[in-house]
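# Sequence and predicted model, in that order:
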Amino acid sequence: MSLPSAIHTLDKDGQEITTIGFERFGFDSRVPIDVLRSLYLKPHYVVNTSETKVDDLDKEEEDKQHAVFGQGLNAYQSKSIYYPETASISYTSLTRFPPVKLLPPSTRKRILVTGGAGFVGSHLVDRLMLLGHEVTVLDNFFTGSKTSLSHWVGHPNFEMVRHDVVEPFMIECDQIYHLACPASPTHYQFNAVKTIKTSFIGTLNMLGLAKRTKARFLISSTSEVYGDPEVHPQHEDYWGHVNPIGPRACYDEGKRVAETLTYGFHRQDGVDVRVARIFNTYGRPMNPNDGRVVSNFIIQALRGEDLTVYGDGKQTRSFQYIHDLIDGLIVLMNSNETRPCNIGNSDEFTIGEFAELIRDVVERVQQEDGVKPVGRVQILYNKPMPTDDPQKRRPDTSRAKESLQWQSRWTVRMGLEEMVRYYKAKMAEGSL
Ligand SMILES: O=c1ccn([C@@H]2O[C@H](COP(=O)(O)OP(=O)(O)O[C@H]3OC[C@@H](O)[C@H](O)[C@H]3O)[C@@H](O)[C@H]2O)c(=O)[nH]1
């Protein structure tokens, strides 16, 4: 089989990205990008009809799709085979796990990741596993999915537990990445009381665990703690402008109280803490139905539907690709920085400009793949602005630069191209 040409990704300085991660603060987080892609860009479903045999699909279509991203690397994924005639599905298991680093016990860490089956969590877990650590994932699967980590199930370094962090959990560990909480406005507003309970009680439980085990504790906070900011760009010293009773408050105020708790345990009990304030992040496997702007616009453009901008489209956001965020989280965890740290990309767009960029990227990818456009999708400005939607948002990342020597490497366009290709492949499979 002839392989489609591999994707070359250039960073902001025009250098090809072949490896992700850094060696910093005595912790080496580098892994080849192709190995990571072979895990997260693999199509999930193979559709099996009476005309096609599963074996043919495995060898031909799936490997071809996969090779675009993985440069011919073997796929380390279980498969989900869908039989439309009987509306049933069968799952295959792995015969071999992706190779992980062999670390001596002195450097191998026992790491707990709450929300590890979610969008950010699953990328973090892939990275920590490949680096050779022992990883335990807690997830209640409200927004996370088991399939995002199915390639690790059964691995001796990996455990996945269905658990809701609002209940206490006991385990011996060295580091805790506490990510559990729905993050898209649609999901976190679905059950506001549950969201604030997750941030408050869930964080209280995990800090209690960190205190008992003396584990280092990192919480994923958010740019939403700045609310609808009156200071631009947002530096960590800015206290924010949040409506405490509005529809976003369950998330904003939940994360603010989670930060307060974190520093309470730090001052009172000496818990070793790290606080990442995460700005808008995108990438696969962002839930295509979670309502966030990046997945909405990409899917609309791929389907030939008009793009729905809320309000006048003059509100701004700054989007970072998932790999930059994971680099930032790992560097922060292993640094000595105990103050809150913004992790984001400072390239700022109005949402109107961003809609144009996505339309452009989708058209370019379609052209490269020889797809004839039926017509140009339109950008519509006739939807109401959601209540309390922040008017502008851009991180001041000077603290991360100075203290972590971290800054984003991915251009927004490069990340979007990878994501567009992934969703396009999923649509071609019929699984989106
Ligand atoms: O279809 C859409 C979706 C969204 N939007 C707009 O696009 C902007 C971004 O919206 P998103 O829902 O993607 O994300 P928001 O910035 O509102 O919230 C996010 O903030 C940071 C993170 O903590 C969370 O991921 C999320 O809460 C908003 O102004 C929104 O009104 C559209 O114009 N059209």
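Received, thanks.

# Residue 284 looks like it's in a helix, true?
No - using DSSP: H, G, I helix; E, B strand; the rest coil, the assignment for residue 284 is coil, not a helix.

# Leaving out sequence neighbours, find the closest residue to it.
Closest residue to residue 284 apart from its sequence neighbours, by CB to CB, 6 or more residues apart in numbering: residue 422 at 4.6 Å. (Glycine included, C-beta is placed from N, CA and C.)

# And that neighbour, how close does it get to residue 432?
According to CB to CB, to the nearest Å, residue 422 and residue 432 sit 10 Å apart.

# and stretch 311-320, does that touch the ligand?
Yes - using CB under 6 Å from any ligand atom, we find that stretch 311-320 touches the ligand at 315, 317.

# Need the three-state assignment for the nearest residue to residue 339 once chain neighbours are set aside.
The shortest distance from residue 339 to any non-neighbouring residue, by CB to CB, 6+ apart, is to residue 236 (6.5 Å). Assigned by three-state DSSP, the conformation of residue 236 is coil.

# and residue 236, what pLDDT?
Among the per-residue scores, residue 236 holds a pLDDT of 98.

# Could you do residue 126 as well?
Looking at residue 126, its pLDDT stands at 96.

# Pull the contacting residues for it.
36, 39, 40, 152 (CB atoms under 8 Å, 6 or more residues apart in numbering).

# Can you lay out those residues as JSON lines showing pLDDT, secondary structure and neighbour count?
Output for these, formatted as JSON lines (pLDDT from 0 to 100; DSSP: H, G, I helix; E, B strand; the rest coil; neighbours: other CB atoms under 10 Å):
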{"residue": "36", "pLDDT": "89", "secondary structure": "helix", "neighbour count": "22"}
{"residue": "39", "pLDDT": "85", "secondary structure": "helix", "neighbour count": "26"}
{"residue": "40", "pLDDT": "84", "secondary structure": "helix", "neighbour count": "20"}
{"residue": "152", "pLDDT": "93", "secondary structure": "helix", "neighbour count": "25"}
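
# Which other helices and strands does the helix or strand containing residue 204 contact?
Following DSSP states H and E, the helix or strand that holds residue 204 is helix 203-213. Applying 3 or more CB pairs under 8 Å, 6 or more residues apart in numbering; DSSP states H and E, one finds that helix 203-213 contacts strand 175-178, strand 216-222, helix 249-269.

# Would you list the phi and psi of the residue nearest to residue 152 when sequence neighbours are not counted?
Spatially, and ignoring its direct neighbours in sequence, residue 152 is nearest to residue 158 (4.2 Å; CB to CB, 6+ apart). Torsion angles at residue 158 (phi, psi; degrees, to the nearest 10) stand at phi -130, psi 140.

# Which strand residues bridge residue 158?
residue 135 (DSSP bridges).

# So which residues on the stretch 51-200 of the chain come close to the ligand?
Neighbours of the ligand within the stretch 51-200 of the chain, by CB under 6 Å from any ligand atom: 183, 184, 185.

# 8 Å instead?
For the stretch 51-200 of the chain, the contact set with the ligand under CB under 8 Å from any ligand atom comprises 183, 184, 185, 186, 188.

# Show me which pair in those is furthest apart.
The two members of these with the most space between them (CB to CB) are 183 and 186, at 10.2 Å.

# And these two? Which one has more around it.
Using other CB atoms under 10 Å as the criterion, residue 183 and residue 186 rank with residue 183 on top: 24 against 15.

# My read is that that one contacts residue 222, right?
Yes - shown here, residue 183 and residue 222 form a contact pair, counting by CB atoms under 8 Å, at 7.4 Å.

# excluding its backbone neighbours, what's nearest the one residue sitting closest to the centre of the chain?
The residue lying closest to the centre of the chain (CA atoms, centre = their mean) is residue 120, at 2.9 Å. Leaving aside its chain neighbours, residue 120 sits nearest to residue 179 (5.8 Å; criterion: CB to CB, 6+ apart).

# List the contacts of the one you found.
Each residue near residue 179 by CB under 8 Å, 6+ apart is listed here: 113, 114, 115, 116, 118, 120, 121, 124, 220.

# On the three-state scheme, the closest residue to the fifth one other than its chain neighbours is what?
In other words, residue 118. Using CB to CB, 6+ apart and skipping residues adjacent in sequence, the residue nearest residue 118 is residue 144, 4.1 Å away. Following three-state DSSP, we place residue 144 in the coil state.

# State whether residue 186 is indeed within a helix.
Yes - per three-state DSSP, residue 186 lies within a helix segment.

# I figured it hits residue 295, correct?
No - with contacts defined as CB under 8 Å, residue 186 does not count as touching residue 295, sitting 10.7 Å away.

# picking up where we left off before, hey, which of the helices and strands packed on helix 203-213 is tucked in deepest?
strand 175-178 (a mean of 27; mean count of other CB atoms under 10 Å).

# and it, what does it pack onto?
Applying 3+ CB pairs under 8 Å, 6+ apart, one finds that strand 175-178 contacts strand 110-114, helix 203-213, strand 216-222, helix 322-334.

# and residue 87, which of the ones you listed is closest to it?
With CB to CB as the measure, helix 322-334 is the member of the helices and strands packed on strand 175-178 nearest residue 87 (33.0 Å).

# Name the surrounding residues that touch the closest one.
20-22, 24-27, 29, 33, 36, 119-120, 123-124, 127-128, 175, 177, 216, 218, 220, 274, 276, 278, 281-284, 341, 343, 345, 400, 404-406, 408-410, 415.

# what about that helix and the ligand, any contact?
No - Helix 322-334 does not reach the ligand (CB under 8 Å from any ligand atom); its nearest approach is 10.9 Å.

# related to what we said a few turns ago, take the helices and strands packed on helix 203-213 and lay them out in TSV including distance to residue 395 and mean pLDDT.
Converted to TSV, these look like this (distance: least, CB to CB, whole Å; pLDDT from 0 to 100):
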stretch	distance to residue 395	mean pLDDT
strand 175-178	20	98
strand 216-222	11	98
helix 249-269	15	98
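
# And those: which comes nearest residue 90?
strand 175-178 (33.3 Å).

# chain center to that closest one, what's the gap?
Relative to the centre of its chain, strand 175-178 is centred 16 Å away, using CA atoms, centre = their mean, to the nearest Å.
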